[in-house]
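Peer 1: Sequence and predicted model, in that order:
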Amino acid sequence: MKTYPTPHLLLRRTTAVAALAAALLAGGCTAATDEPLAAPSAGSGALDLAAVCPATVVIQAAWTPEAEHGALYHLLGSTYTVDADKKKVSGPLMSGGQSTGVNVEIRAGGPAIGFQNAGAQMYADPSIMLGQVATDDAIGLSAKQPVVGVVAPFDIAPYMIMWDPAANPTFNSIVDIGKTDTPVLYFNGATYMDYLLGSGILRRNQVDGAYDGSPTRFLAEKGKIAQQGFATNEPFIYENALPQWKKPVKFQLIHDTGYPIYPEAITVRADKKAEHAACLKKLVPVIQKSQVDYVKNAGATNELIIKLNDAYKGFPYSKEQAAYSVEQQLKLKIVSNGANTTLGDFDVDRVKQVIDIVSPIYSGQRKEVKSGLTPQDLVTNEFIDPSIGLS
């Protein structure tokens, strides 16, 4: 059966514009080198996962290594093995510099797996324990390949619509764009665009699904169009890495229009949740802490991410881009505690809102959604440690 990229794979930023930025900024990256995978030292106390977790916890990432996946790559310490051919990295699973007694293997997604959704990949390969799946994509998988989110390293999505403030001085929001005839360029198939159209925020005759990741049209139009992107990436690239532009852009997050998905939440197969429950009870707090530690001190993990991108020969990634991403993650509260003091938990009311928005869209596209789908089918907070959060 032929497979197609899911909406959130279509949204990824590592396309022509990112490749151009990489060429301009990432000239001196050092390739990661393969090293023998060391057996992990024993964990202790709450950090001893050996008795309840697989010897190697396999995690399927949604895309190639990037700062948005810092919580995953921060689980690796200084000893790791890179398999450049299979685009995966393995090593002892660490927490706060201490071994947990098991290994972790992180597999690149996107082009490395034929643009398959990480949730579908978990069903194709049962050795994968966890995968990154956005809430709306999980709804699309709910009928035949259900997954359950167990921790959300990102509280809100970095997806945005951007514009040139000089060419469009009256724009302060996406609603403002919708009040004009300004074209909005996006990747065809993005579910959030169906929401923006269905809610009347944008109009069908102004949106154009022909975006291919290149800055060509934005530059040719001298910023008189709006364009999709990532708040953690394109604003930096356009201001710093495109010699034809070299000035700021403005943007609004799609989240702020009323589309509150959890992007790339860490999920488990629904039929494997009970089997992995004992492991998840210990592992999920480790992932929560990994995200907290990463955004506070991202340098070493960003170096690893850059090396992996170089080794995988996919989409090179610069130190400046990675650092900007982390800065934006915190500034825009993309990584945050949400409405409480806990990082990584799910707001079931938000999940219900996404179900109510997305289910009719998928129905109209003749995509099957589980009958009677509830937030509890998609997410759980049972493994979350409520004491772990950003201070």
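Peer 2: Ah, there it is. Just so it is clear, the structure is predicted and the values come from calculations on it, not from any experiment.
Peer 1: Please, where are all the strands along this protein?
Peer 2: Counting by DSSP state E, the chain has strands at residues 56-60, 81-83, 88-95, 98-107, 130-133, 147-151, 159-163, 184-185, 207-208, 226-230, 250-253, 265-269.
Peer 1: Show me the domain layout of this protein.
Peer 2: 7-156+261-378, 159-257 (automatic domain parsing).
Peer 1: among those, which is the most enclosed?
Peer 2: Highest mean neighbour count of the domains of the chain: domain 7-156+261-378, a mean of 20 (counted as mean count of other CB atoms under 10 Å). In this view, the C-beta of every residue, glycine as well, is placed from N, C-alpha and C.
Peer 1: Not counting sequence-adjacent ones, nearest residue to residue 385?
Peer 2: Excluding its sequence neighbours, the residue lying closest to residue 385 (CB to CB, 6 or more residues apart in numbering) is residue 285, at 3.8 Å.
Peer 1: Now do the contacts for that neighbour.
Peer 2: Listed by CB atoms under 8 Å, 6 or more residues apart in numbering, the contact set of residue 285 reads 46, 383-385, 388.
Peer 1: just to revisit the earlier point, want to throw the domains of the chain into CSV with mean pLDDT?
Peer 2: Listed next are the domains of the chain as CSV, based on pLDDT from 0 to 100:
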stretch, mean pLDDT
domain 7-156+261-378, 90
domain 159-257, 96
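Peer 1: Point to the residue nearest the middle of this protein.
Peer 2: The chain has residue 264 as the residue nearest its centroid, 4.4 Å off, counting by CA atoms, centre = their mean.
Peer 1: how close does that residue get to residue 50?
Peer 2: Using CB to CB, to the nearest Å, we find residue 264 at a distance of 28 Å from residue 50.
Peer 1: Please apply the same query to residue 327.
Peer 2: The value you get for residue 327 to residue 50, if CB to CB is used, is 37 Å.
Peer 1: among the strands of the chain, which is nearest residue 310?
Peer 2: The closest approach between residue 310 and any of those, judged by CB to CB, belongs to strand 81-83 at 10.0 Å.
Peer 1: Run the chain-centre distance for that closest one.
Peer 2: Offset of strand 81-83 from its chain centre (CA atoms, centre = their mean, to the nearest Å): 22 Å.
Peer 1: Stretch 232-240 too?
Peer 2: 17 Å.
Peer 1: can you check stretch 104-123 too?
Peer 2: For stretch 104-123 - counting by CA atoms, centre = their mean - the centre lies 12 Å from the chain centre.
Peer 1: Check this protein for its longest helix and report it.
Peer 2: helix 277-296 (DSSP state H).
Peer 1: Now do that helix against strand 147-151, angle only.
Peer 2: 50 degrees (axes from the mean of the first three to the mean of the last three CA atoms, to 10 degrees).
Peer 1: quick check: angle from helix 277-296 to strand 56-60?
Peer 2: 60 degrees.
Peer 1: What segments of the stretch 251-391 of the chain are helices?
Peer 2: Counting by DSSP state H, counting those that start in this stretch, the stretch 251-391 of the chain has helices at residues 277-296, 299-312, 319-331, 348-364, 375-378.
Peer 1: how close does residue 342 get to residue 49?
Peer 2: 21 Å.
Peer 1: And for residue 132?
Peer 2: The gap separating residue 132 from residue 49 is 20 Å, by CB to CB.
Peer 1: Next: residue 58.
Peer 2: 14 Å.
Peer 1: how about residue 65, what does it touch?
Peer 2: 73, 106, 108, 304-305, 308-309, 312, 317.
Peer 1: how about the nearest residue to residue 90, chain neighbours excluded?
Peer 2: Nearest non-adjacent residue to residue 90 (CB to CB, 6+ apart): residue 105, at 4.3 Å.
Peer 1: Quick check: that neighbour touching residue 58?
Peer 2: Yes: counting by CB atoms under 8 Å, residue 105 does reach residue 58; the two are 4.7 Å apart.
Peer 1: wait, doesn't the residue nearest to the centre of the chain sit right on residue 68?
Peer 2: Yes: using CB under 8 Å, residue 264 makes contact with residue 68 at a distance of 7.3 Å.
Peer 1: Residue 70 against residue 291, yeah?
Peer 2: Yes: with contact defined as CB under 8 Å, residue 70 and residue 291 form a contacting pair (7.2 Å).
Peer 1: check contacts around the nearest residue to residue 67 once chain neighbours are set aside.
Peer 2: Residue nearest to residue 67 in three dimensions, not counting chain neighbours: residue 325, with 3.7 Å by CB to CB, 6+ apart. Residues in contact with residue 325 (CB under 8 Å, 6+ apart) are 66-68, 232-233, 236.
Peer 1: how far away is residue 325 from residue 305?
Peer 2: 10 Å.
Peer 1: Could you name every residue contacting both of these two?
Peer 2: Contacts common to residue 325 and residue 305, judged by CB under 8 Å, 6+ apart, are 66-67.
Peer 1: Please tell me I have it right and residue 113 contacts residue 121.
Peer 2: Yes: counting by CB under 8 Å, residue 113 does reach residue 121; the two are 5.5 Å apart.
Peer 1: what touches both of those two?
Peer 2: residue 60.
Peer 1: end-to-end on stretch 371-383?
Peer 2: 26 Å (CA to CA, to the nearest Å).
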